[in-house]
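**Student:** below: sequence and its predicted model.
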Amino acid sequence: MHILYLSQYFPPEVGATQARAYEMARYLVEQGHNVTMISEIPNHPSGVIPTTYQGKLFERVYLDGIYVIRLWVKTSTIKNFFSRMEFYLSYSFGSTIAGLLLRKEFDLIYATSPPLFVGLAGLALSHLRRLPLFFEVRDLWPESAVALGELRGSLAIRWATRLEEACYHRARRIVAVTAGIQDCLIERGIAAGKVVVVENGANVNLFQFKPEMRQKIRQSLGMDGKFLVVYAGIIGLAQGLEVVLHAADLLKNNVSIQFLMIGEGPKKAELLVMQQKLGLSNLQMLPEVPRHEVPDYLSAADLALIPLRNKEVFHRVLPSKLLDAWACERAVLLGVDGEARRLMESCTGGLFVPPEDAQALSQAILELQVDESKRIAMGKRGREFTVAHFSRQALARKLETILKNAT
């Protein structure tokens, strides 16, 4: 197949969206398919374009056999409604133009959302190039944006909903990443046979426990002999990471416990100010690290944190960070209710804590600090469960089958 893949976020950016798009595309290329990826010039989530990309309107490169076209987008370190719209729409417009100018013949368009405006480009190209559209839904938008306060105003919400529904109507298949999203779409009247599930997963070859890196990382951070609790990911609106700082505040007199947060995002500056005000010497914040280094830091952890804000819209999500942590044999404290919680309880790879409840989070940390054997057993079960059910390679094969059978 010749596939035009639209993903605004893509490596060298770091994140769940980028990892999923890269792993899926790389597998398709390994199976002999031709994949053209249209993404943005790297900048997400900070809004800062690295020096090596500054001044470029576009870049064309091959990454592990994937033909990648990176396009200029309107970036900003200020994250508000207008800067986000400029950011999303500049990609949507640019990717539509790029897709029209490509002389290659394609069999299908695969567009992944959010941002929902990737779907706008997919719609335009599907009509103009007369190609089937496959629309991937990793999160229900605009519902999530409304819940997080990113999208306000009845007119904006109405137009976003119309765009969402137009994408669903045009798509030959809708690829949902959770059963909860699939159920929600079917409840909204979309034919059950049109919506398929290809879950988030983990690259179980990359993400695995590395005992040699555990000691090296802990020594470099000055955390030898400490009980280390780690969050690695985007520091954004959805995560509700204030709860981690409040838990650190409750535990700051316990000198054996240390917290580590790794990543960038629109909330980081605010959390750094909060850390200073609370006087949290038991918490370190590190910059974003390349994805291939994330397993090293997870291996250094005694516990991995997976929090989200206490919003009903998140009951349908399955964070890929959960599976990455399990692949590294780390027990998890999961602050996400709904589908993710049910998965956690079926695997028994950690403990559920109510979202945004710092007291419950601190108590769960203390519980697993004193019970090492329980913690280690949780991590091993998590690895076994992820390898058996959520390896990225197996899920990519599932996606390939869906595309071939529906084209």
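**Tutor:** Looks like it arrived, so ask away.
**Student:** all helices of the stretch 301-407 of the chain, in order?
**Tutor:** 320-327, 339-347, 358-370, 372-389, 392-406 (DSSP state H, counting those that start in this stretch).
**Student:** pick the most buried one from those.
**Tutor:** helix 320-327 (a mean of 28; mean count of other CB atoms under 10 Å). In short, each C-beta sits where N, CA and C put it, glycine included.
**Student:** got the helices of the stretch 301-407 of the chain as JSON lines, with mean pLDDT and distance to E199 columns?
**Tutor:** Shown next, in JSON lines, are the helices of the stretch 301-407 of the chain (pLDDT from 0 to 100; distance: least, CB to CB, whole Å):
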{"stretch": "helix 320-327", "mean pLDDT": "96", "distance to E199": "9"}
{"stretch": "helix 339-347", "mean pLDDT": "94", "distance to E199": "9"}
{"stretch": "helix 358-370", "mean pLDDT": "97", "distance to E199": "26"}
{"stretch": "helix 372-389", "mean pLDDT": "96", "distance to E199": "8"}
{"stretch": "helix 392-406", "mean pLDDT": "93", "distance to E199": "6"}
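**Student:** identify the residue spatially nearest to K404, adjacent ones excluded.
**Tutor:** M1 (6.9 Å; CB to CB, 6 or more residues apart in numbering).
**Student:** same question for P50.
**Tutor:** Nearest to P50 is P42, by CB to CB, 6+ apart, at 6.0 Å.
**Student:** three-state assignment of the one you found?
**Tutor:** Under DSSP: H, G, I helix; E, B strand; the rest coil, P42 falls in the coil class.
**Student:** sorry, back to before: can I get the helices of the stretch 301-407 of the chain in CSV with distance to S83?
**Tutor:** Below are the helices of the stretch 301-407 of the chain laid out as CSV (distance: least, CB to CB, whole Å):
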stretch, distance to S83
helix 320-327, 26
helix 339-347, 30
helix 358-370, 31
helix 372-389, 37
helix 392-406, 32
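**Student:** right, and those - which one's nearest Y22?
**Tutor:** Closest approach to Y22 among the helices of the stretch 301-407 of the chain (CB to CB): helix 392-406, 9.7 Å.
**Student:** which strands or helices does that closest one pack on?
**Tutor:** helix 16-30, strand 133-137, strand 173-176 (3 or more CB pairs under 8 Å, 6 or more residues apart in numbering; DSSP states H and E).
**Student:** any idea which element the residue in the chain sticking out farthest from the centre lies in?
**Tutor:** Distance from the C-alpha centroid of the chain, by CA atoms, centre = their mean, peaks at N253 (33.4 Å). Using DSSP states H and E, N253 maps to neither a helix nor a strand.
**Student:** for it, report the pLDDT, please.
**Tutor:** With respect to pLDDT, N253 scores 94.
**Student:** i'd like the first residue to be 54 from this point on
**Tutor:** Yes, from this point I'll number from 54; that puts the last item at N306.
**Student:** F159 is nearest to which of the helices of the stretch 354-460 of the chain?
**Tutor:** Short answer: helix 445-459, nearest of those by CB to CB, at 11.9 Å.
**Student:** how is the chain divided into domains?
**Tutor:** 55-254+444-459, 264-442 (automatic domain parsing).
**Student:** just the terminal-to-terminal distance for the shortest one.
**Tutor:** To tie it back to what came earlier, the one meant is domain 264-442. 24 Å (CA to CA, to the nearest Å).
**Student:** now do the longest one
**Tutor:** Using CA to CA, the gap from the first to the last residue of domain 55-254+444-459 comes to 14 Å.
**Student:** equivalent analysis for stretch 273-288, please.
**Tutor:** 23 Å.
**Student:** buried sites along that stretch?
**Tutor:** 274, 276, 279-288 (16 or more other CB atoms under 10 Å).
**Student:** among those residues, which one lies nearest to I122?
**Tutor:** I287 (24.0 Å).
**Student:** how far away is the residue farthest from the centre of the chain from V347?
**Tutor:** 30 Å (CB to CB, to the nearest Å).
**Student:** repeat that for V366.
**Tutor:** For V366, the distance to V347 - CB to CB - is 26 Å.
**Student:** surely Y115 forms part of a strand?
**Tutor:** Yes - assessed by three-state DSSP, Y115 belongs to a strand.
**Student:** with adjacent residues omitted, what lies nearest to it?
**Tutor:** V121 (7.1 Å).
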